[in-house]
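Q: Just a sequence and a predicted model for now, questions to come.
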Amino acid sequence: PEASALCAERMPEFTERPRILFFDVGNIFVSDDPSGAHCYRRIYETVCERKPMSVSDFFAWRERHMRAGGDLWKFALECVGKGDLPALQKSVRAHIYGRWEEYSPEIPGMAEVVRRLATTYRLGLLANQPAQIEQVLRKRDIWDLFDVHAISDVLGSMKPDRRIFDWALDRAGVEAPQALMIGDRLDNDIRPAKALGMQTLWLRIPFDERGWTPETEFQKAYATSMKTIGPGTRRPTAPENTPDHVACSPAELVEILAPAT
């Protein structure tokens, strides 16, 4: 199951309460799955222009690639080749960025959680997102809860590059150990934050609780593949990507972070 025993393991108490909480956005406040499904659909269509392939074979290919340590765009490169990849990326991004609200459904419960946490903590965003995410989160009345907005498309630096983390910490006026990074990915969130000395929390909301329901047969195949191997299915393999805390729901996040009464 996607929500592994990690979520049930007792995590240590905070040795120092963080002065600021930095949140990722994808699969934390908005589901990445509609945009992910669209990206894979476009890759699949491009592959089939050259040689027809079944959807099941395509996703089996994806899973082999991911088990070897790949990611979405490395897989796209393997599928379509270096010459065609830039045009495909440009076309896909133009489509989904122009409809970012449509492709970014809310994660149920997270807006309420962050409003509650904002009464106790300073908050920041530290996310690989297009600039359009500002209007999405403004419309949902949570953008202004964050003191720091480290958005990759605005800053020109993407996680796991340490420059975006350094910028966020400098803007917040805190040292790394005084900040907590909350994200869904070990590679982009936990590992680089730990390398800087930040505290870390891995928020692993299961696929079926992220606010998006696949409708087409392709989307259903995508969902099955993501549940088989996706960011939330991978477990830490070394101390450098092992989080300090783990939560598997908005309620568990509050349980960990809300002060004792």
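A: Arrived safely. Bear in mind the structure is a predicted one, so any value in this text is a computation, not a measurement.

Q: what about the helices in the stretch 1-150 of the chain?
A: Along the stretch 1-150 of the chain, counting by DSSP state H, counting those that start in this stretch, helices occupy 33-50, 55-67, 72-80, 85-97, 110-117, 133-139.

Q: Show me what counts as buried in the fourth one.
A: Put plainly, it is helix 85-97. 85, 88, 89, 92, 96, 97 (16 or more other CB atoms under 10 Å). (Each C-beta comes from the backbone N, C-alpha and C, glycine too.)

Q: still on that earlier bit, can you list the helices of the stretch 1-150 of the chain in CSV and add distance to residue 27 and mean pLDDT?
A: As requested, these are exported to CSV (distance: least, CB to CB, whole Å; pLDDT from 0 to 100):
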stretch, distance to residue 27, mean pLDDT
helix 33-50, 8, 97
helix 55-67, 16, 97
helix 72-80, 13, 96
helix 85-97, 15, 96
helix 110-117, 10, 97
helix 133-139, 13, 98
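
Q: how about the ones you listed in TSV, adding distance to residue 249?
A: Formatted as TSV, those follow (distance: least, CB to CB, whole Å):
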stretch	distance to residue 249
helix 33-50	17
helix 55-67	25
helix 72-80	25
helix 85-97	27
helix 110-117	10
helix 133-139	21
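
Q: of those, which approaches residue 230 most closely?
A: For residue 230, the closest of the helices of the stretch 1-150 of the chain is helix 55-67, at 7.8 Å, according to CB to CB.

Q: what's the angle from that closest one to helix 72-80?
A: 130 degrees (axes from the mean of the first three to the mean of the last three CA atoms, to 10 degrees).

Q: And helix 55-67, how far out from the chain middle?
A: When C-alpha coordinates are averaged (CA atoms, centre = their mean, to the nearest Å), helix 55-67 and its chain have centres 21 Å apart.

Q: Check which helices and strands it is in contact with.
A: Using 3 or more CB pairs under 8 Å, 6 or more residues apart in numbering; DSSP states H and E as the contact criterion, the elements in contact with helix 55-67 are helix 33-50, helix 72-80, helix 217-228.

Q: which among the buried residues of helix 85-97 gets closest to residue 34?
A: residue 96 (8.3 Å).

Q: Of the helices and strands packed on helix 55-67, give the one that comes closest to residue 170.
A: The nearest among the helices and strands packed on helix 55-67, by CB to CB, is helix 72-80 at 29.0 Å.

Q: What are the contacting residues of the closest one?
A: 36, 39-40, 43, 46-47, 61-62, 65-66, 70, 85, 88-89 (CB atoms under 8 Å, 6 or more residues apart in numbering).

Q: how about it: buried residues?
A: For helix 72-80, the neighbour count (16+ other CB under 10 Å) marks 72, 75, 76, 77, 79, 80 as buried.

Q: Also stretch 118-133?
A: 118, 121-130, 132-133.

Q: now that stretch, how far from the centre of its chain.
A: Stretch 118-133 sits 12 Å away from the centroid of its parent chain (CA atoms, centre = their mean).

Q: distance between the ends of that stretch?
A: One end of stretch 118-133 to the other measures 19 Å (CA to CA, to the nearest Å).

Q: pLDDT wise, what is residue 230 at?
A: With respect to pLDDT, residue 230 scores 89.

Q: Could you report the neighbour count for it?
A: Residue 230 has 21 neighbours, counted by other CB atoms under 10 Å.

Q: now the contacts of helix 72-80: which count as buried?
A: 36, 39-40, 43, 46-47, 61-62, 65-66, 85, 88-89.

Q: a markdown table for those, including distance to residue 187?
A: Rendered in a markdown table, the data for the buried ones among the contacts of helix 72-80 read as follows (distance: CB to CB, whole Å):
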| residue | distance to residue 187 |
| --- | --- |
| 36 | 16 |
| 39 | 18 |
| 40 | 19 |
| 43 | 20 |
| 46 | 26 |
| 47 | 25 |
| 61 | 21 |
| 62 | 17 |
| 65 | 15 |
| 66 | 12 |
| 85 | 21 |
| 88 | 23 |
| 89 | 20 |
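
Q: Tell me the one of these nearest residue 147?
A: residue 36 (29.4 Å).
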